[in-house]
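1. predicted model follows, preceded by the sequence.
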Amino acid sequence: MMHREEALELLQKNLNDESLMKHSLSTEAVMRKLAERLGKDQETWGLTGLLHDLDYAMTADDHTRHGIESAEILKDRLPDESIRAIRVHAAEMNGSGTPQTDLDYALRCAETVTGMVMAAGLIRPSGLEGMKPKSLKKKIKDKAFAASVNREIIKEHQRLGLDQEEFLSIAIMSMQSIAGQIGFSQPLSGDE
């Protein structure tokens, strides 16, 4: 399996977009925390999250290939379970089947919730600092807020045995832990 440094180099070479890098780093952070909570391999889950959108730039004109191209590039560099999760994270676009494993569901809900947390952080005066699951729940209920974020995919956290409160808490804390890397430079107390 590749090392994180190699994964970051590969990502930087293929993405060339600051917002996609922030999304990838956010997804990695959430995936690592989910793995820790669920007793899974944090390195495997983290790298899966980090690299899930590796092909985004190359499939921008053909979303039916999104996830498929990444899986091809990474097939000898990540475990089969990661390749499958990367492929099915975009199943609605690429027709690659349905999620089945914890890793499949975790990647789908983790990468989706990052958009909600990021959008909420951008409109708050304190950014991510002090964000609570309760306020994020309200944003999720407001269909006009971050309208492109698929709420049904976020609900897949239930397949991992996590309730909404715990899942949102994990997502918020994960992203707070890398706030400076994803554009939120205020000091964080570590509290969620």
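-> Arrived safely, thanks for sending. Numbers count the residues shown, from 1 in each chain.
2. can we go C-alpha only for contacts and neighbour counts from here?
-> OK.
3. okay, and the helix or strand of this structure with the least pLDDT?
-> Least confident element among the helices and strands of the chain, by mean pLDDT, DSSP states H and E: helix 91-94 (a mean of 92).
4. which residues does that one contact?
-> Contacts to helix 91-94, defined as CA atoms under 8 Å, 6 or more residues apart in numbering, come from residues 63, 64, 65, 66, 67, 68, 97, 98.
5. could you give me the buried positions within that helix?
-> Going by neighbour count (16 or more other CA atoms under 10 Å), the buried part of helix 91-94 is 91, 94.
6. so how far is the very next helix or strand once past that helix off the chain centroid?
-> Counting by DSSP states H and E, the next helix or strand C-terminal to helix 91-94 is helix 102-123. With CA atoms, centre = their mean, to the nearest Å as the basis, helix 102-123 stands 5 Å off its chain's centre.
7. which of the contacts of helix 91-94 ranks first by neighbour count?
-> Neighbour tally across the contacts of helix 91-94 (other CA atoms under 10 Å): the maximum, 29 neighbours, falls on residue 67.
8. so who does the residue lying closest to residue 104 once chain neighbours are set aside touch?
-> Distance criterion CA to CA, 6 or more residues apart in numbering; nearest residue to residue 104, sequence neighbours excluded, is residue 85 at 4.4 Å. Contacts of residue 85 were listed using CA under 8 Å, 6+ apart, and they are 48, 99, 103, 104, 105, 107.
9. check what pLDDT residue 54 gets.
-> Looking at residue 54, its pLDDT stands at 97.
10. hmm, it is touching residue 72, no?
-> No. Counting by CA atoms under 8 Å, residue 54 sits too far from residue 72 to count as a contact (10.6 Å).
11. okay, the two: which has more neighbours?
-> Set residue 54 next to residue 72 and count neighbours by other CA under 10 Å: residue 54 wins out with 27 against 13.
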